[in-house]
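Asker: Pasting the sequence and the predicted model now:
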Amino acid sequence: MLTIKNLTAHYGAAQALFGIDMEIEAGQTVALVGANGAGKSTLLKCVMGLVRPSGGEILLEGKSVTGSSPARMVRHGLALSPEGREVFAQLSVFENLQLGAIPLSLAKAEETRRMDEVFARFPKLRERRQQLAGTLSGGEQQMLAMGRALMASPRLLLLDEPSLGLAPRITDEIFSIIHQLSRSGTTILIVEQNAARALSASDTAYLLAGGKIVEQGKSRDLLLDPALRAAFLGAASQDNPSASRLGAAGLTNIRLEKLPMHTNFMPSFNSGEELEAHQLRGLQWTIRHAFEGSPAYRAKLEAAGVTPESIQSLDDLRRLPFTTTDDLRDGYPFPLKSVPFEQLVRVHASSGTTGKRKVLCYTQKDLDDWTDMFARCYQSAGITPLDRVQIAVGYGVWTAGMGFQLGCEKVGALAVPVGPGNIDMHIQFLLDFQSTVFCSTASMALLMAEEIHKRGIADKIAVRKIIYGSERSSRSMRKKISELFGGAELFDITGLTELYGPGAGIECSDHDCIHYWGDYYLMEILDPETLAPMPEGEWGEMVITTLCKEGSPLIRYRTRDITRIIPGPCTCGSIMPRHSRIKGRSDDTIKFRGVNIYPSSIDTILSAVPGLGSEYQIHLTRGDGGRDHLRLVVERAEGVAAGRGPELIHEAGHQIKRQLMVTVELELVDYGSLPRSDRKIQRVFDSRIQDEIV
Ligand code: ZN
């Protein structure tokens, strides 16, 4: 949209800008960061026509506007909210706003419409519309300066030091408005001394020092750059020449409120070979650990003729016996436990009928590893300590809530642990806390998205990323969630309770695949029928072997999830291996509102209610709201009177709720009315997502 080429500016004989080159794309928020006197305001004034450049060119959509007057710039679609606000103290709020549109000679009706828009964005200005601007607080004057610029309905909004001299709470408010403006499609060039705020609020950034651009790039990368951080913090040293360079260039007095990241959670491997060497060491350790620590594993390994010493290469994986959900159930209550009890610090369990849940044991190291894996997921999705993460997944014996919580705190972001359901509280916190990240299942995200749409508050919330997991999602569902959330970016997170929990991998920032943490576990893709390896790139069952899990290690654990490995390097540059989104499951498990239900467990529950017959059907549908419904059609037992219907429905519903933690709709039908077959009877009718899974 805006191109600046080799721009120079002088104040008398003193040169203020030295050959500036810049590019601002439509819809982007671009930050211009630098210390006092670096030339930031001069550059902004050149763009706005307030200072005439001494050389170079300013192009707006390819046409030169170099040296145009400020009024002409406003007509070109530019507007400036100047440093120090520069509101007219003796004029009212209303009159100050009118001034913003003067160069456009608007019709009265249009002026009123735009003023209403400004008031909708800044309700405080509406309250004080007749008050003299000189009597407003600093924050209100800043809102007025921005409101006045918005009266011109600019395509490019220039904001000069919007947070200067404001209290942190007011700065938060101003930045959340900037964020909303950016989401509504306004292109923004923001000049700020507060580097952390500007970088976290923008897409790309330019660092200016001594009238020159000394660094430029994606804001997120700059925020994480250790040399720049050191420079911001004034910690330039000989060990860090880049920081010295920037320090000398005058960047050291830029404020950084909070360290961008406690640490880097990305793996330290630089090549596939290094990763494989690490994986082999992990595999050797795991087999020895399981062999020595778990009688069940020892028996299986011995039966397969495997000793720990015989693991010499990653190909030896193929010789190892499989582990299945049956092993987990048979070993209840502490299956696969491979360390003494005194080393365990926690258990988690997945859903299942009473007494047959899958229970997994954790040592402190397991929890630390899980936390780091999850922190890596957040970091991959670009979450920083400046984010506020609203968590809408279940807390308790499930792994979900705990994982989202631990990882969030580890990256230093603010966790808002709400849990699932509770839509009103979620909406209130999205508005009041201005949460920037929302974590949930795909169905919950859709429910929230529709609620946000219904209440018309998409432009009043600040969610820019949604991290969701635990169930399949179609392309159209993702699109709808993103749109109704005001353009939020979606990240599919993977994981299963057996493998620590969620956080085992996350959708790439290029959104084509899932990167999985190959330094924590190995993934094989096998034919679910023959258990032979699938050719590279083909769909099959995901089978997992952990590399450092102590409490309950997994050896060739059959997840039943269907996916495929994507060969070759990723466009994002990560060397972590990748797979496609999970397509479905190889067995008949029903995934319903984030809970795994085995049809056999429904069978067990129904058969324990006297008066019910043996035949039933499970109908799964997805409502317009994206909410899944499970309707259970059950026959009464032979000879049971129809009048007992309500009592039987109540009892069966109660037992299902108690044992499976889900609410289902029940319908009783006459004995003999459901179809019979001498072959396998189809009991499950799933008419949910039918469109393409990527
Ligand atoms: Zn990638």
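Answerer: Cool, the structure landed.
Asker: a helix runs through residue 169, doesn't it?
Answerer: Yes. Residue 169: assigned to a helix according to DSSP: H, G, I helix; E, B strand; the rest coil.
Asker: From the ion, how far out is it?
Answerer: Going from residue 169 to the ion by CB to the ion, to the nearest Å gives 38 Å. (Glycine included, C-beta is placed from N, CA and C.)
Asker: ok, now residue 177?
Answerer: For residue 177, the distance to the ion - CB to the ion - is 33 Å.
Asker: Also residue 383?
Answerer: 16 Å.
Asker: ok now do that residue, which residues does it touch?
Answerer: Counting by CB atoms under 8 Å, 6 or more residues apart in numbering, residue 383 makes contact with 389, 408, 411, 413, 437, 465.
Asker: For the third one, grab the count of nearby residues.
Answerer: Residue 411 is surrounded by 24 other residues when neighbours are defined as other CB atoms under 10 Å.
Asker: Break down the stretch 51-200 of the chain into its strands, ranges please.
Answerer: 55-60, 63-64, 78-81, 156-160, 187-192 (DSSP state E, counting those that start in this stretch).
Asker: right, so of these, which gets closest to the ion?
Answerer: Judged by CB to the ion, the one of the strands of the stretch 51-200 of the chain that comes nearest to the ion is strand 187-192, at 27.6 Å.
Asker: The closest one vs strand 156-160, what angle?
Answerer: If you take axes from the mean of the first three to the mean of the last three CA atoms, to 10 degrees, strand 187-192 sits at 10 degrees to strand 156-160.
Asker: just checking, what packs against strand 187-192?
Answerer: Applying 3 or more CB pairs under 8 Å, 6 or more residues apart in numbering; DSSP states H and E, one finds that strand 187-192 makes contact with strand 29-33, helix 40-48, strand 156-160, helix 168-183.
Asker: Show me what it is in contact with.
Answerer: For strand 187-192, using CB under 8 Å, 6+ apart, the contacting residues are 1-2, 24-33, 40-41, 43-44, 47, 83, 155-163, 178, 181-182, 198, 201-202.
Asker: Rebuild the helices and strands packed on strand 187-192 as JSON lines, extending it with mean pLDDT and mean neighbour count.
Answerer: Putting the helices and strands packed on strand 187-192 into JSON lines (pLDDT from 0 to 100; neighbours: other CB atoms under 10 Å) gives the following:
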{"stretch": "strand 29-33", "mean pLDDT": "92", "mean neighbour count": "26"}
{"stretch": "helix 40-48", "mean pLDDT": "91", "mean neighbour count": "24"}
{"stretch": "strand 156-160", "mean pLDDT": "93", "mean neighbour count": "25"}
{"stretch": "helix 168-183", "mean pLDDT": "83", "mean neighbour count": "18"}
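Asker: export the ones you listed to JSON lines and tack on distance to residue 547?
Answerer: Shown next, in JSON lines, are the helices and strands packed on strand 187-192 (distance: least, CB to CB, whole Å):
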{"stretch": "strand 29-33", "distance to residue 547": "41"}
{"stretch": "helix 40-48", "distance to residue 547": "49"}
{"stretch": "strand 156-160", "distance to residue 547": "49"}
{"stretch": "helix 168-183", "distance to residue 547": "40"}
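Asker: which residues in the stretch 401-550 of the chain form strands?
Answerer: 414-417, 437-441, 465-469, 489-496, 501-507, 514-516, 521-526, 540-546.
Asker: Please name the residues that touch the closest residue to the ion within the stretch 151-300 of the chain.
Answerer: Proximity of the stretch 151-300 of the chain to the ion (CB to the ion) peaks at residue 266, 12.1 Å away. Residue 266 sits next to 376, 379-380 when contact means CB under 8 Å, 6+ apart.
Asker: ok, 10 Å please
Answerer: 375-376, 379-380, 574-576 (CB atoms under 10 Å, 6 or more residues apart in numbering).
Asker: Quick one: those residues as JSON lines, columns for secondary structure and distance to residue 423 too.
Answerer: Listed next are those as JSON lines, based on DSSP: H, G, I helix; E, B strand; the rest coil; distance: CB to CB, whole Å:
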{"residue": "375", "secondary structure": "helix", "distance to residue 423": "28"}
{"residue": "376", "secondary structure": "helix", "distance to residue 423": "30"}
{"residue": "379", "secondary structure": "helix", "distance to residue 423": "29"}
{"residue": "380", "secondary structure": "helix", "distance to residue 423": "29"}
{"residue": "574", "secondary structure": "coil", "distance to residue 423": "35"}
{"residue": "575", "secondary structure": "coil", "distance to residue 423": "41"}
{"residue": "576", "secondary structure": "coil", "distance to residue 423": "35"}
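Asker: Residue 520: which of those is nearest?
Answerer: Taking CB to CB as the measure, residue 376 is the one of those closest to residue 520, at 9.5 Å.
Asker: What ranges does the stretch 201-350 of the chain have for its helices?
Answerer: Ranges of helices within the stretch 201-350 of the chain are 219-224, 226-232, 241-246, 272-293, 295-303, 325-330, based on DSSP state H, counting those that start in this stretch.
Asker: which one of those helices is the most hemmed in?
Answerer: Mean neighbour count (mean count of other CB atoms under 10 Å) peaks for helix 226-232 among these, with a mean of 22.
Asker: Please identify the residues of the protein in proximity to the ion?
Answerer: Counting by CB under 5 Å from the ion, the chain comes close to the ion at 508, 570, 572, 574.
Asker: Give me the phi and psi angles of the second one.
Answerer: Note on residue 570: its backbone torsions stand at phi -90, psi 150 [degrees, to the nearest 10].
Asker: So it versus residue 511, what's the distance?
Answerer: 11 Å (CB to CB, to the nearest Å).
Asker: Also the last one?
Answerer: With distances taken as CB to CB, residue 574 is found 13 Å from residue 511.
Asker: I appreciate the help and will end here.
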